[in-house]
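Asks: Build me a structure from this.
(chains A and B)
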Amino acid sequence: MSSANLTTEAPWVRRVLIAVALAFVTLFLLVPLVAVFWEALAKGWELYLAALVEPEAWSAIKLTLLTAAIAVPLNVVFGVAAAWAIARFEFRGKSLFTTLIDLPFSVSPVVAGLMYMLMFGANGWLGPWLAEHDIKLMFAVPGIVLATVFVTFPFVARELIPLMQAQGQDEEQAAMVLGASGWQTFWKVTIPNIKWGLLYGVILTNARAMGEFGAVSVVSGHIRGETNTIPLHVEILYNEYNFVGAFACASILALLALVTLLVKTLIEWRIARQREGAKERTLEARLAPASTH
Amino acid sequence: MSLLNRQHSVLPGFGLSFGISVVWLSLIVLLPFTALVLMSTKLGWSAFVATVGAERVIASLKLSFGASAVAALINAVFGFLLAWVLVRYPFPGKRLIDALIDLPFALPTAVAGIALTTLYAPNGWIGQYLAPLGLKVAFTPLGIVIALVFIGLPFVVRTVQPVLEDLEKELEEAATCLGASRGQIFRRVIFPAVLPALITGTTMAFARATGEFGSVIFIAGNIPLVSEIAPLIIISKLDQYDYLGATAVAVVMLGLSFVLLFAINAIQWWASRRHGGGR
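Replies: Alright, predicted model coming up:
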């Protein structure tokens, strides 16, 4: 008997388990995904395309793109800075700092929206001051961006911290010793080392930024054609029983999700290959001295 | 004496990177939290109790946390099964299934919400087969559980999967050679090793589910006392300009999720200690 047989189940057990797992994935993940596209195209391509170029849908698409274009870069800069501080230095309060970065994950998006309302809303903390200076944050684009930044806050840092800790700082120290400046080291050593993890963090942030519903719903005010993002527009159309329109807009977000999953899979594949390459290189390095004898 | 008594490192940029992250953290996270805390101090104890103790609020909190617990348990079972099948058994289409597991992370919650509602409505693809059996899913608490299972699944799979991958096969081989049955090995060798990850993943799915809004409101039907979740109570109070009431409910929800966060950290600490000490 081979060792593979020692540590696995009888073929019928395996088959039953695989069948149950596949049925679960089909029912809970695959069918809902297919349903989005099916419903969007239920009345044909013409109505589908018409639903997307309709002015309110178009303005929702533009607002979503604008929000992501502001929120994602801000959180990338923050994520890289936080990862550099946490993964490269020891300081007091580091674990508290790390916990605080994760905080937005454990807050309901609705509560996140509420916190911004309490701060900047008409009856909020800074509300009267903002009104005096004629600054409108809530029920306007800045509020939507702020809420989006909050819910996507930890993604990049979360991706980079374990990666940079695992890589260690030997290569960066070597670069410094060889006379590189801090920025040179950062751009030429750190960034190439973390680029795949960073890219993954960026696409996750982007997916969540474009799809956020709860937090944005609280601060947006739902002004049609002005402060509706795609997910909010989907809600309005759905509640008006305009199912083709709702699912057509939803299908854009579903496509975005599929692209996100594809990029994620490619990156993981890339990292796995890189790791194997590194393993082979260490093995060769170990064998090299032996072969010279 | 600096407060941040950091160790010396050859690398520069601590001040800059730490500065940027602290400023951003304060502006985006800490300041809004302070606003919430300040608002909650304006709330007297009796007003707090009156708001949170209202029948509708209590019902919504019970529903949010109850449905989340049921969904988390379903996810614990099927998430573990999925992780097991993905790590241990070869089958066609495995990589596709593996990639699909993350769909709930990537798919916006509102999209999941309307898709699930359409599927489970009495005339939907799935609902039409359940209706004759007397099973109503959409617009009932059962529908809420379905939506929460959807959004929580990847948390369990993605926490358990790496632990299963790292499990040493030698242990199982040794146990088999010593005469243990497959069932005994699973119960005594595999399951104890995976348990901390399973608990962590399940708690994460639970915590996420309690605050979930987008995927739930469409399928819930939002009937007061029956299928109205706690986040929706906050929103309806805000719509009525009842900022204090909304804050009271939010404080309860935050308090409960901090307890959960603390529990996750405690489990991880316990697991790492046990893991380290067991060697």
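Asks: count of neighbours near A:E235?
Replies: Using other Cβ atoms under 10 Å in any protein chain shown, A:E235 has 23 other residues around it. (C-beta placed from N, C-alpha, C; glycine too.)
Asks: Sorry, wrong one. I was asking about B:N123.
Replies: Summarising burial for B:N123: neighbours were counted as other Cβ under 10 Å, giving 9.
Asks: which ones are touching B:F78?
Replies: Applying Cβ atoms under 8 Å, 6 or more residues apart in numbering or on different chains, we find B:F78 in contact with A:A21, A:F24, B:V149, B:L153, B:V156.
Asks: and the second one, how many neighbours?
Replies: Yep, that's A:F24 we're talking about. Neighbours of A:F24 (other Cβ under 10 Å): 19.
Asks: tell me the mean pLDDT over whichever helix or strand it is part of?
Replies: Using DSSP states H and E, the secondary-structure element containing A:F24 is helix A:11-25. In this model, helix A:11-25 has a mean pLDDT of 93.
Asks: Only C-alpha atoms, please: export it in CSV.
Replies: What follows is the C-alpha trace of helix A:11-25 in CSV, where atoms were taken according to Å, rounded to 0.1, in the frame of the first residue of the first chain:
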residue,chain,number,x,y,z
PRO,A,11,-13.1,6.6,-2.6
TRP,A,12,-16.8,6.7,-2.0
VAL,A,13,-16.3,9.1,1.0
ARG,A,14,-14.2,11.3,-1.1
ARG,A,15,-16.7,11.4,-3.9
VAL,A,16,-19.6,12.2,-1.5
LEU,A,17,-17.6,15.0,0.2
ILE,A,18,-16.6,16.5,-3.2
ALA,A,19,-20.2,16.3,-4.4
VAL,A,20,-21.5,18.1,-1.3
ALA,A,21,-18.9,20.8,-1.5
LEU,A,22,-19.5,21.4,-5.2
ALA,A,23,-23.3,21.5,-4.7
PHE,A,24,-22.8,24.1,-1.9
VAL,A,25,-20.6,26.3,-4.1
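Asks: so what does the longest helix seen in chain A touch, helix or strand wise?
Replies: Scanning chain A for the longest helix, with DSSP state H as the assignment, gives helix A:243-292. Counting contacts by 3 or more Cβ pairs under 8 Å, 6 or more residues apart in numbering or on different chains; DSSP states H and E, helix A:243-292 is packed against helix A:31-40, helix A:45-53, helix A:55-88, helix A:191-211, helix A:230-239, helix B:94-100, helix B:103-106, helix B:109-120.
Asks: any idea which of those helices is most buried?
Replies: For the helices and strands packed on helix A:243-292, the stretch with the most neighbours on average is helix B:109-120, a mean of 27; neighbours defined as mean count of other Cβ atoms under 10 Å in any protein chain shown.
Asks: heading toward the C-terminus, what's the first helix or strand past it?
Replies: With DSSP H and E setting the assignment, the helix or strand that follows helix B:109-120 is helix B:127-130.
Asks: ok and the residue in the stretch 151-293 of chain A nearest chain B?
Replies: Among the residues of the stretch 151-293 of chain A, A:G211 lies nearest to chain B; the distance is 2.6 Å by Cβ to the nearest Cβ.
Asks: Burial check on the nearest residue to that residue once chain neighbours are set aside, number of neighbours?
Replies: In this structure, A:G211 finds its nearest non-sequential neighbour in B:P108, 2.6 Å apart by Cβ to Cβ, 6 or more residues apart in numbering or on different chains. When counting by other Cβ under 10 Å, one arrives at 25 neighbours for B:P108.
Asks: For chain A, what's the nearest residue on the stretch 51-200 of chain B?
Replies: Closest to chain A within the stretch 51-200 of chain B is B:P108: 2.6 Å, counting by Cβ to the nearest Cβ.
Asks: picking that back up, most neighbours among the contacts of B:F78, please name it.
Replies: Within the contacts of B:F78, neighbour counts (other Cβ under 10 Å) peak at B:V156, which reaches 30 neighbours.
Asks: Let me know the angle separating the helix or strand where it lies from helix B:109-120.
Replies: Using DSSP H and E, B:V156 falls within helix B:141-166. Counting by axes from the mean of the first three to the mean of the last three Cα atoms, to 10 degrees, helix B:141-166 points 120 degrees away from the direction of helix B:109-120.
Asks: And the residue of the stretch 151-279 of chain B closest to chain A?
Replies: Ranking the residues of the stretch 151-279 of chain B by distance to chain A (Cβ to the nearest Cβ) places B:G211 first, at 2.6 Å.
Asks: Farthest pair within the contacts of B:F78?
Replies: The most widely separated members of those, counting by Cβ to Cβ, are A:A21 and B:V149 (14.3 Å).
Asks: Neighbours of the residue of the stretch 151-279 of chain B closest to chain A, how many?
Replies: With neighbours defined by other Cβ under 10 Å, the count for B:G211 comes to 24.
Asks: again with the one 10 residues further on
Replies: The number of residues packed around B:G221, counting by other Cβ under 10 Å, is 17.
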